[in-house]
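# Predicted model, plus sequence, below.
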Amino acid sequence: MPSAKRALLLFSSVFVGAPALAANPSAFPEYVQRVEAEFATESDAAAAEASFSPLPNGARYAFFCRWDDNRAANVRKAEMMDAVGVKGTFFLIGGKSAYLQDTGRRLVALGNAIGNHSLSHPSNMDTLPPNEVFRQILLGRIGVETNTWWTVTAFAMPWTRWCMGDPKRHGLFTRLLANTGHLWNDGHDAAHFSANDTAPDPGKFRAGFAEATARAEESGGTISADFGTHADCDEAGDTVQGRCIAENLSVGGAWRTHANAFAAYRYSSRNGRIAVAGRDGCTVAFDVVRFPPAFLGDQVPVELVFSRQPQTVRCKTADVRPVGKGGCWTLPHNRGLGMPHTIQGVTPGWLGFDVDEAAGTVRIALPSCAATWRDVCAVIMVPPMWRRGRIVAFDGGTFQLGDRSEDPVDFEGIRIYAVSVDYMDEACVPRRVWSVLERRGETPPFVSAEQGRENRHNAAMVRGLSALVAATALDSSGLADASRILVWHLTDLHDVGFRWGSDIVKSSYWRQTGISDWRLRGRPPGGPLTRPEGRSPAASHVVGPSLDATMNRDTIGCA
Ligand SMILES: [Zn+2]
């Protein structure tokens, strides 16, 4: 049997296939669990309905600690949390592979989650062009995953530059985070408090804890309560923090978790679905729609609540059991569905991963050893110039990228394409591989009529201005400020600045240089113009390191 066909056939034995998008905004694969509940009487069975508990175990709110940046003191923080029985989420910088492979893995071993804190922690996420924001988010996630083998679904914004007051920029962040598989972020999903990271203050902790947990509770489990920001204090400070956590959490009501488990539970309980499949005497069969744990970022079970209390609840593919006194039943994922044991970067060539921007297509051709894989699911993540954002595929093939963005700024800078492929290997071990492609330089031209008009207008403008400059024989040293700006555009930014006209110069790149409008008259704020580093604006947007050699394997143990 051809390899691709075999992978598809085996896949379809577990997942139900194309997800119902309306109830599954991340378009994760879905599978169904059949659950049979036995009631004391037929009338109970006739009336019984099932739903998801908003939080597990009757908890009123979810609580965890949150620590940012790749710090040496993070390990001591993890030991402090371990001693008082809470978990943390460490938001780490994805471009630092040595730290991730050493400290990152130790933090995971101590029961914590790892989140994405971008590729290189730029201080200007609020002004970077969309492609660079996308690159920071996506490569940050891939860097953390391939070095720690932890599945990343949580994101904390460097310098908390969330741009809450700028709907366009804020919308860009939330769209790109969703497209890159993030389910939790520090801008929307937490009631956060800290109590002086350097010299912990018990009074401030008490007040912050009360406020944050009240907000989390009011949200009905929609947001978590999280404490901390930076591992800044000494060992004595850690002891104070540990005592604060233990004393305040002792009141009860907390689900002691981390960002991944919280986000996985929330996604499952809000986007999963339960339907009655049949009623027969005292027995009711329910079909529960679930999402595989590798995509949710955690294996946390869901909890079912029945409107009439059943005597027993069974599932052939998972071990259901009652929990607490609230009549909840905990339903784990199907046996055999788990988190990836390894997460590795592979070369695009090995995975047959390629993109043709002119044709608007992206392709994956799985290697021959994929013939032994089961439950293959690829998620292709594409840069902001494509409206589609992400493509979920259950086999190799060529996929249409669809409509392009109409915002010129989405075409500026390096464009990153990435694919994650989840699969079960021949020994039924879940694994994930990542591959990344870069595209630089000019994108193929727009086709929309409106854009065509703008291109022609801009081209005419370039010709006119070039002629003007040539005719007046001015050089840059002798020009008035306004003209100097024009010449600077003509020499350095001809391709971008003039092709896209005023829109591009209103973009973040120009704000960085102090120019908010190319038609600016007089000296721009911040003194005389200076040329940006590098030849082209695209090159000057590259911030921080690229992924290192851990991303460039030609094989992952099979030919
Ligand atoms: Zn930070």
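Done, it's in.
# Spit out the contact partners of residue 303.
Residue 303 makes contact with 52-53, 56-57, 323, 328-331 under the criterion Cβ atoms under 8 Å, 6 or more residues apart in numbering. Yep, even glycine has a C-beta here, placed from its N, CA and C like the rest.
# got any ranges where the chain has weak pLDDT?
Across the chain, the ranges flagged by pLDDT under 70 are 1-22, 326, 443-559.
# Hmm, residue 340 and residue 432 touching each other?
Yes: Residue 432 lies in contact with residue 340 (Cβ atoms under 8 Å); the separation is 4.0 Å.
# hey, what's in contact with both of those two?
Common neighbours of residue 432 and residue 340, using Cβ under 8 Å, 6+ apart, are 151, 294, 422.
# Helix, strand or coil: sort out the second one for me.
Residue 294 carries the three-state label helix when classified by DSSP: H, G, I helix; E, B strand; the rest coil.
# Just give the nearest non-adjacent residue to it, would you?
residue 422 (5.1 Å; Cβ to Cβ, 6 or more residues apart in numbering).
# Count the residues that sit near that neighbour.
Neighbour count of residue 422, defined by other Cβ atoms under 10 Å: 21.
# Name all residues that make contact with it.
For residue 422, the contact set (Cβ under 8 Å, 6+ apart) comprises 292, 294-295, 340, 375-378, 430-432.
# Distance-wise, check it relative to residue 392.
11 Å (Cβ to Cβ, to the nearest Å).
# Common neighbours of those two, please.
Taking Cβ under 8 Å, 6+ apart as the criterion, residue 422 and residue 392 both touch 377-378.
# can you pull out the strands in the stretch 51-200 of the chain?
In the stretch 51-200 of the chain, the segments counted as strands under DSSP state E, counting those that start in this stretch are 61-68, 88-92, 113-116, 154-155, 184-185, 190-193.
# thinking again about what came up before, tell me which of the contacts of residue 303 is nearest to residue 140?
Using Cβ to Cβ, residue 56 comes nearest to residue 140 of the contacts of residue 303, at 29.1 Å.
# Specify the local secondary structure of the closest residue to that closest one other than its chain neighbours.
Nearest residue to residue 56, sequence neighbours excluded (Cβ to Cβ, 6+ apart): residue 303, at 5.0 Å. Under three-state DSSP, the three-state class of residue 303 is strand.
# Begin at 678 from now on, thanks
From this message on, residue numbering opens at 678, which makes the last subject residue 980.
# Any chance you could list what contacts whichever strand or helix holds residue 937?
Under the criterion DSSP states H and E, the helix or strand holding residue 937 is helix 936-948. For helix 936-948, the external contacting residues (Cβ under 8 Å, 6+ apart) are 700-703, 729-733, 739, 741, 743, 766, 790, 792, 828, 830-831, 860-861, 866, 898-899, 901, 903, 932, 934, 967-968, 970, 973-977, 979.
# which helices and strands does the next helix or strand after that helix pack with?
Sequence order places strand 950-957 as the next helix or strand after helix 936-948, per DSSP H and E. Where contact means 3 or more Cβ pairs under 8 Å, 6 or more residues apart in numbering; DSSP states H and E, strand 950-957 is packed against strand 727-729, strand 960-967.
# Which positions in the protein make contact with the ion?
With Cβ under 5 Å from the ion as the criterion, the chain meets the ion at residues 745-746.
# Show me the chain divided up by domain.
Split into domains by automatic domain parsing, the chain comes to 691-732+954-1008, 737-929, 1021-1116, 1126-1218.
# Any chance of TSV for those, columns distance to residue 948?
Output for the domains of the chain, formatted as TSV (distance: least, Cβ to Cβ, whole Å):
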stretch	distance to residue 948
domain 691-732+954-1008	5
domain 737-929	10
domain 1021-1116	14
domain 1126-1218	33
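# Spit out the contact partners of residue 1032.
1038-1040, 1059, 1078, 1094, 1114, 1116 are the contacts of residue 1032 under Cβ under 8 Å, 6+ apart.
# nearest to residue 713, of the helices and strands packed on strand 950-957?
Closest approach to residue 713 among those (Cβ to Cβ): strand 960-967, 5.2 Å.
# and that closest one, what does it pack onto?
If you count contacts as 3+ Cβ pairs under 8 Å, 6+ apart, strand 960-967 packs onto strand 708-715, strand 950-957, strand 979-983.
# Quick check: neighbours of that strand in the sheet, parallel or antiparallel?
If you go by DSSP bridges, strand 960-967 pairs up with strand 708-715 (antiparallel), strand 950-957 (antiparallel).
# Alpha carbons of the last one, as CSV, please.
The C-alpha atoms that make up strand 950-957 are tabulated as CSV, following Å, rounded to 0.1, in the frame of the first residue of the first chain:
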residue,chain,number,x,y,z
ARG,A,950,-19.5,18.7,22.7
ILE,A,951,-21.7,16.0,24.4
ALA,A,952,-24.7,14.5,22.6
VAL,A,953,-27.1,11.7,23.7
ALA,A,954,-26.4,8.8,21.4
GLY,A,955,-29.2,6.6,22.7
ARG,A,956,-31.4,5.8,25.7
ASP,A,957,-32.2,2.2,26.6
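# and the angle for that strand with strand 979-983?
Taking axes from the mean of the first three to the mean of the last three Cα atoms, to 10 degrees, one finds strand 950-957 and strand 979-983 inclined to each other by 50 degrees.
# From the rest of the structure, what touches strand 950-957?
Identification of contacts with strand 950-957 by Cβ under 8 Å, 6+ apart yields 697, 700, 711, 722-723, 726-729, 961-966, 981.
# which of the residues in it are buried?
Within strand 950-957, the residues that count as buried by 16 or more other Cβ atoms under 10 Å are residue 951.
# swap in stretch 1011-1022?
Neighbour-count burial for stretch 1011-1022, counted by 16+ other Cβ under 10 Å, picks out 1011, 1014-1017, 1020-1022.
# Closest to the centroid, which residue in this protein?
Closest residue to the average C-alpha location of the chain: residue 859 at 2.5 Å, with Cα atoms, centre = their mean.
# Counting by contacts, list what the host helix or strand of residue 902 packs against.
For residue 902, the host element (DSSP H and E) is strand 901-904. Contacts defined by 3+ Cβ pairs under 8 Å, 6+ apart place strand 901-904 against strand 738-745, strand 867-870, helix 879-895, helix 936-948.
# Serialize those to CSV and add fields for distance to residue 1085.
Shown next, in CSV, are the helices and strands packed on strand 901-904 (distance: least, Cβ to Cβ, whole Å):
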stretch, distance to residue 1085
strand 738-745, 34
strand 867-870, 35
helix 879-895, 40
helix 936-948, 34
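# how about the ones you listed in a markdown table, adding distance to residue 816 and mean neighbour count?
Converted to a markdown table, these look like this (distance: least, Cβ to Cβ, whole Å; neighbours: other Cβ atoms under 10 Å):
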| stretch | distance to residue 816 | mean neighbour count |
| --- | --- | --- |
| strand 738-745 | 18 | 25 |
| strand 867-870 | 24 | 22 |
| helix 879-895 | 31 | 17 |
| helix 936-948 | 20 | 24 |
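# Tell me how far residue 1073 lies from residue 809.
Computed as Cβ to Cβ, the residue 1073 to residue 809 distance reads 30 Å.
# One more: residue 739?
Residue 739 sits 33 Å away from residue 809, going by Cβ to Cβ.
# Just give me the neighbour total for residue 1104.
8.
# Please disregard the earlier target; I meant residue 786.
Neighbourhood size, residue 786 [other Cβ under 10 Å]: 9.
# now do residue 792
Using other Cβ under 10 Å, the number of residues around residue 792 comes to 31.
# can you check residue 981 too?
The burial count assigned to residue 981 is 24, neighbours taken as other Cβ under 10 Å.
# is it true that it touches residue 1005?
Yes: Residue 981 lies in contact with residue 1005 (Cβ under 8 Å); the separation is 6.8 Å.
# How about the closest residue to the ion within the stretch 778-927 of the chain, nearest residue that isn't a chain neighbour?
Using Cβ to the ion, the single residue of the stretch 778-927 of the chain nearest to the ion is residue 835, 5.1 Å away. Nearest non-adjacent residue to residue 835, counting by Cβ to Cβ, 6+ apart: residue 798, 4.5 Å away.
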